[in-house]
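# Predicted model follows, preceded by the sequence.
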Amino acid sequence: MTDTQTTGLRVLGIFAHPDDAEFTCGGSAARWAAEGADITYVVITNGAAGSNDPAQDLGELVRIRAAEQRAACDVLGVRELIFLGYPDGTLQPTIELRRELTRLIRRLKPDRVVTGDPTAVFIGKDYINHPDHRAAAEAAIYAVFPSAVTRPIFPELLAEGYEPHQVREVYIMGDDASADTFVDISSTLDHKIEALRCHKSQLDPGDGQWVREWAAEAGKRAGVPYAEAFRVMKLAE
């Protein structure tokens with residue numbers, strides 16, 4: 001299945017770290033924004049574990065990574081960026097985190113939530129999924145359901161004025177083997193590469209060839225030059 005038109009769609013992306021979004025759905029975000037979607041990113045951790053240099057000032061690294069993420073969002077057309085500031089590297093899917101995400105979902109009222117796969121531990125043959133990714137995804141998924149839509153859960157949010165909200169669909173990224181929906185990013189792949197270049201403290205995509213190779217693999221399954229892959233849960237019409 002290919003992704004549908006997104007004009008007027010409210011999209012909320014929930015990620016563990018600065019740069020997670022650009023790796024996984026940067027091309028899709030650029031396309032959705034170009035088509036008129038209103039996109040907000042939530043980055044849960046502060047990114048302070050993003051260096052093994054013993055001389056690195058971690059407080060400065062937090063500021064650097066926040067600035068890098070803002071620059072990447074500007075490239076892609078993401079309208080709003082929210083940092084929650086949780087410690088990097090030790091994230092847990094706590095009830096407090098779920099409440100915070102539920103509050104955001106009820107406030108922003110997204111049609112589509114984009115997040116990771118909380119069940120993915122081994123990805124391919126060479127990557128052990130970061131536990132922060134799984135914790136962020138678990139909290140996000142359970143904030144979508146049952147928390148955001150169920151009135152008796154977190155009654156304190158009702159007292160704050162946040163009524164229940166039904167998210168229509170969840171785009172789950174990070175495990176291409178279970179993907180059933182593909183976004184054609186042939187027209188926005190260069191935006192994805194440019195956004196990745198914003199994260200100078202973490203990576204250098206060079207000429208972007210490896211990014212193109214990743215996108216070409218998904219593209220083969222979708223019958224387009226370049227794509228990003230998702231598993232999609234349809235929760236409401």
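Right, received. Where do you want to start? Numbers count the residues shown, from 1 in each chain.

# what's the distance between residue 235 and residue 165?
Distance, residue 235 to residue 165, using C-beta to C-beta, to the nearest Å: 11 Å. The C-beta positions use only the backbone N, C-alpha and C, and glycine is treated the same way.

# Select the helix or strand of the protein having the lowest average pLDDT value.
When the helices and strands of the chain are scored by mean pLDDT, DSSP states H and E, strand 122-123 comes last with a mean of 88.

# Could you give the average pLDDT over the next helix or strand after it?
Downstream of strand 122-123, the next assigned helix or strand under DSSP states H and E is strand 127-128. Throughout strand 127-128, pLDDT has a mean value of 90.

# before we move on, what about stretch 169-182?
Rounded mean pLDDT across stretch 169-182 is 88.

# CA atoms of it as CSV?
This file holds the C-alpha atoms of stretch 169-182, laid out as CSV (Å, rounded to 0.1, in the frame of the first residue of the first chain):
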residue,chain,number,x,y,z
GLU,A,169,-3.7,6.1,12.5
VAL,A,170,-0.2,5.2,13.8
TYR,A,171,2.8,5.0,11.4
ILE,A,172,5.3,2.6,13.0
MET,A,173,8.8,2.9,11.7
GLY,A,174,12.0,1.0,12.2
ASP,A,175,11.2,-2.6,11.1
ASP,A,176,11.0,-2.8,7.4
ALA,A,177,10.2,-6.6,7.5
SER,A,178,6.7,-5.9,8.8
ALA,A,179,6.1,-2.8,6.7
ASP,A,180,2.8,-2.6,4.8
THR,A,181,2.8,1.1,3.7
PHE,A,182,5.4,2.9,1.6
